[in-house]
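[1] The sequence and its predicted three-dimensional model are supplied below.
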Amino acid sequence: MSISRPIRKVVFPAAGLGTRILPATAVLPKELLPIVDKPIIQYGVEEAVASGLSQIVLVNSPGKRILEDHFGPHAALDALLARRGKSALLGGLRELTAGIELSTAFQDEPLGLGHAVLVSRGRVGDEPFAVVLSDDVIDADPPALAQMLAVFARVDGPVLLVERVPREAVGRYGVIAGDALGDGVHSVIDLVEKPAPEDAPSDLAIIGRYLLTPDIYPALAQTARGLGGEIQLTDGLRRLLAQRPIFAVELDGVRHDAGNKPGYLRAILHFAGKHPELRRELPGPTGGVVPEAR
């Protein structure tokens, strides 16, 4: 199946409960927890825009409308900051929201990432699209999505972002088996969701970025509930792999899983270490950043 349309839309699954970082997420969605001075999800949206993708599809739950509010107008706050001569404090957010087109699809209950992608179908339609898991906050130049789009243009098919992880950590990820094609690109042979270390086909873990083709939707619609009683995106991709080639590219950059407490702390330290006003406040002679364990 050849692709004739460019990717324009980015799906952000955001209906989860944030259980890995409770109690902070008992009321506030994890996507709005701050990393320095921006919420987690804003890093992902900025990455999408920097990669040339501005149509944002938020897969939300009915009780988390505050997520949409973050990217909406802030008339009262704008007016207050203007009176105090501090309008620049919202400048970056204003520029971002002015440059995106936001729509929402609702996932009434958390039935897994595959289900979250499936409910976006009405907003995406019959065209290729990206998926960003905002928990995975990535610092990369060029941005991770831009790296993937370059591969997508070459292979004319779905592209997954992967990263080598310690063998003992593979049980937290979908993992691929693949043939190396060079330059960090792999042709996917198989995918396994959260395998035991001894059963994992490799140490190449799928992380939170996907470029998908619209035929993933019927594949997911036919995918039964799997691990945890949820519809797993990895299982849907495995079904799709029987119909068409799928590719993966290794990330060139730094990723932090901000959806758990250690990863969230590492993300804060990483971006604080790059912040001109905060770097000198960190421990160490030039500011210390705690690297994520590899």
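    Yep, that arrived.

[2] Going by C-alpha atoms from here, please, whenever you check contacts or count neighbours.
    Fine.

[3] the helices in the stretch 151-294 of the chain, which residues?
    Remark: helices assigned in the stretch 151-294 of the chain by DSSP state H, counting those that start in this stretch are 216-221, 233-241, 261-272.

[4] May I see the ones you listed organised as JSON lines, with mean neighbour count, distance to Asp203 and mean pLDDT added?
    Putting these into JSON lines (neighbours: other CA atoms under 10 Å; distance: least, CA to CA, whole Å; pLDDT from 0 to 100) gives the following:
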{"stretch": "helix 216-221", "mean neighbour count": "20", "distance to Asp203": "24", "mean pLDDT": "96"}
{"stretch": "helix 233-241", "mean neighbour count": "22", "distance to Asp203": "16", "mean pLDDT": "94"}
{"stretch": "helix 261-272", "mean neighbour count": "20", "distance to Asp203": "19", "mean pLDDT": "93"}
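
[5] Present those as a markdown table; the columns should include distance to Ser120.
    As requested, these are exported to a markdown table (distance: least, CA to CA, whole Å):
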| stretch | distance to Ser120 |
| --- | --- |
| helix 216-221 | 9 |
| helix 233-241 | 13 |
| helix 261-272 | 27 |
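
[6] and of those, who's closest to Pro13?
    Nearest of the helices of the stretch 151-294 of the chain to Pro13, taken as CA to CA: helix 233-241 at 11.8 Å.

[7] by contact count, what packs against the closest one?
    helix 113-118, strand 185-193, helix 216-221 (3 or more CA pairs under 8 Å, 6 or more residues apart in numbering; DSSP states H and E).

[8] Can you tell me the closest non-neighbouring residue to Pro13?
    In space, and not counting its chain neighbours, Pro13 is closest to Val59: 4.7 Å by CA to CA, 6 or more residues apart in numbering.

[9] One more: Arg209?
    Among residues not flanking Arg209 along the chain, Val132 sits closest, at 4.8 Å (CA to CA, 6+ apart).

[10] cool, Pro34 as well?
    Per CA to CA, 6+ apart, closest to Pro34 is Ile40, 6.0 Å.

[11] Can you name the element that comes right after the helix or strand bottoming out on mean pLDDT in the chain?
    Lowest mean confidence among the helices and strands of the chain (mean pLDDT, DSSP states H and E): helix 75-83, at a mean of 73. Next in sequence after helix 75-83, counting helices and strands by DSSP states H and E, comes helix 91-98.

[12] what comes up buried for that next one?
    Buried residues in helix 91-98, counted by 16 or more other CA atoms under 10 Å: Leu93, Arg94, Thr97.

[13] from those residues, which single one is nearest Glu168?
    Using CA to CA, Leu93 is the member of these that lies nearest Glu168, at 39.1 Å.

[14] Just the local confidence number for that closest one, please.
    The model reports Leu93 with a pLDDT of 78.

[15] Give me the contacts around stretch 221-237.
    111-115, 117-118, 174, 191-193, 216, 219-220, 239 (CA atoms under 8 Å, 6 or more residues apart in numbering).

[16] Give me the buried subset of the residues you listed.
    By neighbour count, with 16+ other CA under 10 Å, the contacts of stretch 221-237 hold 111-115, 117-118, 174, 191-193, 216, 219-220, 239 as buried.

[17] what's the closest of the buried residues of helix 91-98 to Ile138?
    Distance to Ile138, by CA to CA, is smallest for Leu93 among these, at 18.7 Å.

[18] so where is this protein shaky, pLDDT-wise?
    The chain contains residues with pLDDT under 70 at 1-4, 74-75, 86-91, 283-294.

[19] could you dump the helices and strands packed on helix 233-241 to CSV with distance to Leu22?
    CSV is the format used below for these (distance: least, CA to CA, whole Å):
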stretch, distance to Leu22
helix 113-118, 20
strand 185-193, 24
helix 216-221, 30
